[in-house]
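# Everything below, folded, please.
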Amino acid sequence: MKSEGIVSRQKKGGIFMKMLLGNGRLGFVVFAALIGIFLFAGCAKKGEAASGADDSGWKSDSGFPIVLDPAKQPKLKIFRSINDVEPEDPNENLWMQKAIADTGIQIEWITAPGSSAAERVQMMLASNDLPDAFWTGIGRNHLLQYLDKGVFMPVDDLVAQYMPNLRAVYEKRPEYLAMSYAPDGKLYGFPRVEEMKGLVMTPGPVYIYKPWMDKLGISMPKTLDETVKVLYAFKQAGDLNGNGVKDEYPISWDYAEGWDHIFGWFSAANGIMDVQTGFHTEGNHLLLRDKKLVYAALDEGFQKTAILFHQFYRDGVLNPDSFAPHATGSSLHAQKLQSNLPMIGMFQAWGTEGRFTNTDVQKGYVSMPRVQGPKGKTGYIRNNSELTDTTLAMITADCKYPELIARFVDYCMIPANSATLNWGAEGAVYVKDNNGILRWDVDESGQILKPKFGLEWWQLRGYSTIWGPNVILNDYYETVVEYPRDAQRLYDEQAAGGKVELLQEYEAVSPRVWFQPEEQAELDQILPQINNVYDATLQRWIIDGGAETEFARFKTDLENAGLNRFLSIYQKAFDLYFERLEKLD
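Numbering: from 1, shown residues only. Model prediction:
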């Protein structure tokens, strides 16, 4: 194709170029390099045949294949961890076999089982016995630890010169680019993005057992007061499961699991969304208001909700086993769900699959819609990001052919390649329909994958792909790949619980902001102290009471635990993120 000038690319919305050109000396170097490349080589479209070759004759200038003569290419040494079901040599992997055929790339994989991969990576870094790149098994903590030692190669210029597919992603989602810059203002490594219409951005639904409501002639509540009345109606009715014993509880909570936070669902109705994130505990109880961080437990709405939950506990509405510790095995809360009869009227969970032994009981639970309270509607979001990693693969400073790795990663960024790299190869997990859309290769039930290669359906993903940097965007669904079938039911239940509205109302406190190494160390020290104060106080208030009189002392305890310093460090990181994002607009 005809080469485009750098200016015309910027006019088309060159967000990545804008960031580079505003990045001082680095921007100038990349700009000069790009001018030379575009004038000399032109530009290849995604999937276009490779054009030309360099002086050595074994690699192309652009497009695919990357390597024209694989016998002449010095093999790249790349480390990755492997799982129990995949081939020992990743080159025998189904996804990788197609990638080799498409790109010609030659990789000598250095592998370690997942159980020992972290130790192997640390030994390689400590001894400076480095591969050309790490492909998984590496992360931000490693980068921060070795940031000033020159171990990892910045990839800003590689992205600009060799990665049109990744640049296109950053054009569509500038927030992902803004989140990817390390504390020194450079890019290291390559991202993984898994947009699933916000699946991980809200918690699992709050479920209510509708057959009990029908039995009592109760309609679905629309307000917080009506919701409380439903729970008390369950309590007062007694023996709703018909076993002759009043062993049911209107509401239950698996507090120790730390995954779902039904308290936060209620607290939003009192004016404060108390977030429980699950994966990223540093984001628990934080929310953004006008780009400023707020700690939810400092709000009077938190106090009011604690008073309500103590009322539930005192009156036998809340399952007293909600706070029972469980280091191993099923919690007492989970055991009640696994009973042959319905035992719980309302609970929150990341879906109902696998939680019940009696599927008829499972079918009785429906997703609660949001209800109106005195100062807002119930529900909360999670402080997650669909940018799940910014450094899933990183090139080391020892690599002699970093452009080959960059171009291979950009091959991974082609939408269909990303889908199969992330969820499983074509021929194992996917088949293409008549319109070229990737769909699960399902068995007769239409619900699960056909078992292949002597494996169960749920093992096919790990068997058939090398995983690694990839991008799944929402607009790929039904244009490139179907929405994952095993997540569809959960998404639909979330949607019935007000998911779309929640995501419009609130902005997540992303865990992808960066901290200086010394700041991260300080956060790691402060956060457990803050969480200990929060957890101990909330449990005591719910079980014994005291929220009415102890709220001021609670705030002081949080301050003494380091909350103000924690918020200061976090706010600084967010200010920098917003500053970078504004430069991209």
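
# where does the stretch 51-200 of the chain have low pLDDT?
Confidence mapping of the stretch 51-200 of the chain against pLDDT under 70 gives the ranges 51-56.

# State the distance from residue 486 to residue 448.
8 Å (C-beta to C-beta, to the nearest Å). The C-beta positions use only the backbone N, C-alpha and C, and glycine is treated the same way.

# ugh, typo on my part, it should be residue 493
Applying C-beta to C-beta, one obtains 19 Å for the distance of residue 493 from residue 448.

# Which of these two has more residues huddled nearby?
Each of residue 493 and residue 448 had its neighbours counted (other C-beta atoms under 10 Å), and the higher figure belongs to residue 493 (20 against 15).

# can you tell me the helix or strand for that one?
Residue 493 is part of helix 485-496 when elements are defined by DSSP states H and E.

# List the buried residues in that helix.
In terms of neighbour count (16 or more other C-beta atoms under 10 Å), helix 485-496 has its buried residues at 486, 490-491, 493-495.

# following it, which helix or strand shows up next?
Next helix or strand after helix 485-496 toward the C-terminus (DSSP H and E): helix 499-505.

# got the contact list for residue 520?
Contacts here follow C-beta atoms under 8 Å, 6 or more residues apart in numbering; on that basis residue 520 touches 141, 144.

# same question, residue 336
With contact set as C-beta under 8 Å, 6+ apart, residue 336 has these partners: 249, 252, 319, 321, 343-344.

# ok, these vs residue 193, which is closest?
Using C-beta to C-beta, residue 252 is the member of the contacts of residue 336 that lies nearest residue 193, at 35.4 Å.

# Output the helix or strand harbouring residue 564 as CSV, nothing but the C-alphas.
Residue 564 is located in helix 563-584, with elements delineated by DSSP H and E. Only the C-alpha atoms of helix 563-584 are listed here, as CSV (Å, rounded to 0.1, in the frame of the first residue of the first chain):
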residue,chain,number,x,y,z
LEU,A,563,-5.3,5.6,56.1
ASN,A,564,-4.5,9.2,55.3
ARG,A,565,-1.0,8.2,54.0
PHE,A,566,-2.5,5.4,52.0
LEU,A,567,-5.0,7.7,50.3
SER,A,568,-2.3,10.3,49.7
ILE,A,569,-0.1,7.7,47.8
TYR,A,570,-3.0,6.4,45.8
GLN,A,571,-4.2,9.9,44.9
LYS,A,572,-0.8,10.9,43.6
ALA,A,573,-0.8,7.8,41.3
PHE,A,574,-4.3,8.7,40.1
ASP,A,575,-3.4,12.3,39.5
LEU,A,576,-0.6,11.2,37.3
TYR,A,577,-2.9,8.7,35.4
PHE,A,578,-5.5,11.4,34.8
GLU,A,579,-2.7,13.8,33.6
ARG,A,580,-1.5,11.3,31.1
LEU,A,581,-5.0,10.5,29.9
GLU,A,582,-5.7,14.2,29.3
LYS,A,583,-2.6,14.5,27.1
LEU,A,584,-4.1,11.7,24.9
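
# just how off-centre is it within its chain?
The offset between the C-alpha centroid of helix 563-584 and the centroid of the whole chain comes to 20 Å, using C-alpha atoms, centre = their mean, to the nearest Å.

# Show me what it is packed up against.
The elements that helix 563-584 packs onto, with contact taken as 3 or more C-beta pairs under 8 Å, 6 or more residues apart in numbering; DSSP states H and E, are helix 15-21, helix 174-180, strand 292-295, helix 517-544.

# need these in TSV with distance to residue 263, can you?
Converted to TSV, the helices and strands packed on helix 563-584 look like this (distance: least, C-beta to C-beta, whole Å):
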stretch	distance to residue 263
helix 15-21	40
helix 174-180	29
strand 292-295	15
helix 517-544	7
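
# Tell me which of those lies nearest to residue 212.
When these are ranked by proximity to residue 212, the top entry is helix 517-544, at 23.5 Å, counting by C-beta to C-beta.

# gap between that closest one and the chain center?
When C-alpha coordinates are averaged (C-alpha atoms, centre = their mean), helix 517-544 and its chain have centres 23 Å apart.

# Perfect, that will be all.
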